[in-house]
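Participant: return atomic coordinates for the entry below.
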Amino acid sequence: MTIKDKQLANNIYLILAALFIASLVASNLIFQKFFYWEPFGLYRFEISVGILPYPITFLITDILSEIYGKKKANQVVIAGIFASFFSMFIILVADFAPAIENSPINDKIFHQVFGLSPLAVFASMIAYLFAQFIDIKIFHFWKNLTKGKHLWLRNNFSTFLSQFIDTFTVLFLLSSFKILPWNIFTSLLISGFLFKVIIAALDTPILYGVVYLFRRKFNLKINEEITN
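Facilitator: Residues are numbered from 1 along each chain as shown. This is a model prediction of the structure:
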């Protein structure tokens, strides 16, 4: 690989890392709003809007795992953790800062929207940490087992299990901390997991397309990764 290609690969890595962190932080900021979705009237999903950008993070870690390797993918996950906690700290400081009389957003409204419960943030981060590292670990397990073949297999198997762990863990902790009532635990678990499974299945063609472009651009063989 030429120096120019290495620079391009590093730039793409930084862009993917930025998209990952932005999606993760956004999901933590907006998760308090819930909505419903009834595709073709077959099933009613009742889920948090925070789930909308979240599948993007798993798609990106799969791309990074496939092209850049396990170490690079884990580095982005760790960076996402620091970015999330830092953003929560900034919001906490902003929540304590008193609003002036002419402020378009007063203290009450700001706290209602952004006054995130520390327990809720903790639950989200613990679930995220488990899910992302498990996703990467399972992805590489199947990658090594299949010798780099059957990308759809490791993409879906790793994401399905990690998404279930993520959904179950965050809902269990939120219910245990009495942030959410237990009587909606099962419905939110089923809706959240099924929604994530559908999105994971739909993003498989996207993953194939991105991996194809990487391999074509950087002349990568099956199971070959970009290394520094």
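
Participant: name the helices or strands packed onto the strand or helix carrying Ser124?
Facilitator: Assigned by DSSP states H and E, Ser124 falls within helix 118-145. Here helix 118-145 touches helix 3-30, helix 54-67, helix 70-96, helix 151-176, going by 3 or more Cβ pairs under 8 Å, 6 or more residues apart in numbering; DSSP states H and E. C-beta here means a position set from N, CA and C on the backbone, and glycine is covered the same way.

Participant: run the chain-centre distance for the second one.
Facilitator: It refers to helix 54-67. 8 Å (Cα atoms, centre = their mean, to the nearest Å).

Participant: phi, psi of the residue of the chain most remote from its centre?
Facilitator: Within the chain, the residue lying farthest from the chain centre (Cα atoms, centre = their mean) is Glu101, at 38.2 Å. Per-residue torsions, Glu101: phi -60, psi -40 (degrees, to the nearest 10).

Participant: before we move on, what about the one 5 residues further on?
Facilitator: Main-chain torsions, Asn106, degrees, to the nearest 10: phi -80, psi 180.

Participant: quick one: Leu207 and Leu151 touch, right?
Facilitator: Yes - the criterion here is Cβ atoms under 8 Å, and Leu207 meets it with Leu151 at 6.7 Å.

Participant: let me know the secondary structure of Gln102.
Facilitator: Quick fix: residue 102 is Asn, not Gln. coil (DSSP: H, G, I helix; E, B strand; the rest coil).

Participant: one step back: who touches both of Leu207 and Leu151?
Facilitator: Each of Glu66 lies in contact with both Leu207 and Leu151 under the rule Cβ atoms under 8 Å, 6 or more residues apart in numbering.

Participant: just to revisit the earlier point, ok now the helix holding Ser124, how far from the chain's centre?
Facilitator: For helix 118-145, the distance to the chain centre is 9 Å (Cα atoms, centre = their mean).

Participant: cool, stretch 150-163 as well?
Facilitator: How far stretch 150-163 lies from its chain's middle: 14 Å, per Cα atoms, centre = their mean.

Participant: how about stretch 165-185?
Facilitator: Here stretch 165-185 shows a centroid-to-chain-centroid distance of 18 Å under the convention Cα atoms, centre = their mean.

Participant: looking at that stretch now, give me its mean pLDDT.
Facilitator: In this model, stretch 165-185 carries a mean pLDDT of 81.

Participant: buried residues, that stretch. List them.
Facilitator: Of the residues in stretch 165-185, 165-175, 180, 185 count as buried by neighbour count, 16 or more other Cβ atoms under 10 Å.

Participant: thank you kindly, that will do.
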